[in-house]
Each structure stands twice: as C-alpha cells, then as structure tokens.
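Visitor: Okay, here's the prediction I keep looking at, along with the sequence it came from:
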Amino acid sequence: MPDAAAEPGTAAARNAAEEKSAFSHPAVEPDSTAGYGDHPDQVIDFYAPRGVTGPGEAAPVVVVLHGGSWRAPYDRRHISPFAGFLAGRGFAVASVEYRRGAEGTGADGSGEPVAGRWPDTFDDVAAALDALPELVRRHLPRADARRTVLTGHSAGGHLALWAAARHLLPADAPWRTDRPAPLRGVVALAPIADFEVADKLDVCGGAARQLLGGGELFAERRPYADPALLLPTGIATTLVQGRADVDVPQAVAEAYADAAAKAGEVVGVTLLEDVGHYPLIDPAADACAVVAEEIAQLAW
C-alpha cells in the first residue's frame, strides 16, 4: 500500500507539490557577480532593478539569503527566480552565497548532508554584509544602499535575523559590531528563528544542532548563533510564515516573536492560511507577492 502521508490531500502531499512548483522555475542569471572573499562560495549575485523605478530614481536594496538547512546541496541558484522576481518589482537585489555543510554525510551515517560549518557559515555572512555597501556602489549604480532590507528563507531567514543582531553578540564573538546595522528592516521567511524550539521539533532533521556542532557545543554556541537570544535588535522585523508549513512549523516563528516581546520589542508576524514552506519564494504563488509587499513596506 502507498504511504498514507503521500496520499493526495495530506499535508505531505501538498508540501511536495509546493516544493515541486518552487523548484520548477529555471535559474535566473544575475546581471553581475562579485566575490567578497577567496573561497568559491564567497560570492554575491546582483540583479538590477527593472520596470518600476523611474529614470534616475534610486531603488532600495534587498539582500537575499537562501535556505536549504545550511546544507551543501542547496545553493543560491534555487532562490534565483525569487531574486529575479524582486528585481522585477523594482528592487536592487544582492543574493549572497556562503559556505554550507561539507559534502558527505553526518556522523550518524544517516546519509543526510551535514548542516552548516562552524564558524565558516557565520564568517561568510558577516563578511558579505560588511563588504556589501562598496559592492552595491560598484554593481548596482541605481541602488540606494541607505534603504537596505534583509530577507532570507528558512535557514536563510535565520541568517538574516542573526546578521541584524550582530551588535548584540557576546563581547568575544568575532562577528560582533559596535552598533546596529544600518538597515530599514528584516523580512524573515519561515525562519529557523529559535534554536531551542527548532531542536525540540527536529526541524530539518536536527539542522540547528548540527550547525552548532551537536552535543555540548549546541548549548555553548547558542548565545553566538540563536536569534531568539539576540534581542531586542532595534531593527524593524517582520516574519512571514505559512500556517501549513511542515518543514519549519509556525511554532518556531511564534517562539521568536514571543522572545522579542519579552525583550520589549514588537516583531510583526504575517501568517498565511493554506500556505506551506515553499510558496514564500515561488514567483508563481500568491504568497510570494505578499512577501514583496512586506519588503516594500520597510524599504520605500
């Protein structure tokens, strides 16, 4: 008999259909690509704004951080249709690549690629954001870097929240900054935003625990990596979450919003009915247009 979870009408079947749609679009080639380091993964793709801004009008910058559980098989190409979609909405887009888990399988022999590299994944996101203003001036001459919004999907949503909170990192963190990032805001899409809750729910096969090295290192490194422990940021933040998401459940976003509230900060949470994990970055889905509007509210 077929697995009941795969039968039509189930949450698993809908998730599979949404994933298929999101990954069905051909990759959208950037207008230019630049490195922010020497490693092949230390690059940023740039998409010039199209169609909406008038002649001589500067466009806001949207920095995109892709998801994929911080695992090597998932790179920025799968989110390039989303980047192209945002460029078509008049945004100047910078899509960041970063080092992910090493190729191969985890220590448990499960066959699942390792999630993330410590500290390389964080080194790269910090370095990319630090290099971005100069690279934007060079590659996106129609952009206004003073109006920058960070967005990211799933694991990339985690990285967006983390990058906006670097001024709150422990004093010995190499990525700590002395002031908040000059951002208009953050729009995190189904983010892995609270590592304690994500770990309890075994989100993405325990990816958050793997990212931090597992075992005792998970607790030791959480203050350096978990956005739910890095609050309040003082930066406008919105989470967009599908209520039907089975990959990163709604409870993870709500835990982050609750932690922010306890820290005295209001974080917006936009919950979308009958939407799972992937429509948020699928240009063919209505949810993707909602995401663009949330970004526009902060950027313009």
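Guide: Nice, thanks for sending it over. Residues are numbered from 1 along each chain as shown.
Visitor: The stretch 151-300 of the chain: strands as residue ranges?
Guide: 185-189, 237-242, 268-272 (DSSP state E, counting those that start in this stretch).
Visitor: Figure out which of those is closest to Ala155.
Guide: strand 185-189 (10.7 Å; CB to CB). Every residue, glycine included, has its C-beta placed from N, CA and C.
Visitor: Parallel or antiparallel, which strands does the closest one pair with?
Guide: strand 143-153 (parallel), strand 237-242 (parallel) (DSSP bridges).
Visitor: burial of the residue nearest to Val203 when sequence neighbours are not counted, as a residue count?
Guide: Nearest residue to Val203, sequence neighbours excluded (CB to CB, 6 or more residues apart in numbering): Val248, at 5.6 Å. If you count neighbours by other CB atoms under 10 Å, Val248 ends up with 29.
Visitor: show me the contacts for Val248.
Guide: The contact partners of Val248, by CB atoms under 8 Å, 6 or more residues apart in numbering, come to Ser154, Ala190, Pro191, Ile192, Ala198, Val203, Cys204, His277.
Visitor: Tell me which residues touch the last one, please.
Guide: When contacts are counted by CB under 8 Å, 6+ apart, His277 is found next to Asn15, Glu18, Glu19, Ser154, Ala190, Gly242, Asp245, Val246, Asp247, Val248.
Visitor: Mind checking what secondary structure the first one has?
Guide: Just to be clear, that refers to Asn15. What DSSP: H, G, I helix; E, B strand; the rest coil gives for Asn15 is helix.
Visitor: what's the neighbour count on it?
Guide: Look at Asn15: counted by other CB under 10 Å, it has 19 neighbours.
Visitor: need the contact list for it.
Guide: Contacts of Asn15 (CB under 8 Å, 6+ apart): Ala244, Val246, Asp247, Gly276, His277, Tyr278.
Visitor: now do the second one
Guide: With contacts taken as CB under 8 Å, 6+ apart, Glu18 has the following neighbours: Gly276, His277, Tyr278, Pro279, Asp282, Ala285.
Visitor: Ala22 is in contact with Asp282, correct?
Guide: Yes. Asp282 lies in contact with Ala22 (CB atoms under 8 Å); the separation is 4.0 Å.
Visitor: Can you name the helix or strand that Leu132 falls in?
Guide: Per DSSP states H and E: Leu132 is located in helix 120-139.
Visitor: Adding distance to Ala72 and pLDDT, write the contacts of Asn15 out as CSV.
Guide: Conversion of the contacts of Asn15 to CSV gives the following (distance: CB to CB, whole Å; pLDDT from 0 to 100):
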residue, distance to Ala72, pLDDT
Ala244, 28, 97
Val246, 23, 96
Asp247, 18, 97
Gly276, 24, 97
His277, 20, 98
Tyr278, 20, 98
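Visitor: who wins for neighbours among those?
Guide: Counting by other CB under 10 Å, top hit in the contacts of Asn15: Tyr278 with 27 neighbours.
Visitor: Do I have it right that it meets Glu19?
Guide: Yes. Here Tyr278 lies in contact with Glu19, judged by CB under 8 Å, at a distance of 4.9 Å.
Visitor: wait, isn't Gly242 in contact with Gly276?
Guide: Yes. Contact between Gly242 and Gly276 holds when scored by CB under 8 Å: they sit 5.0 Å apart.
Visitor: about what we covered before: closest to Ala208 among the contacts of Glu18?
Guide: His277 (15.7 Å).
Visitor: Tell me, how many residues neighbour Pro180?
Guide: Neighbour tally, Pro180, other CB under 10 Å: 14.
Visitor: Oh, that last question was meant for Pro232, not what I typed.
Guide: 17.
Visitor: How are the helices of the stretch 201-300 of the chain distributed by residue range?
Guide: 207-211, 215-225, 250-262, 286-299 (DSSP state H, counting those that start in this stretch).
Visitor: Most tightly packed of these?
Guide: helix 207-211 (a mean of 26; mean count of other CB atoms under 10 Å).
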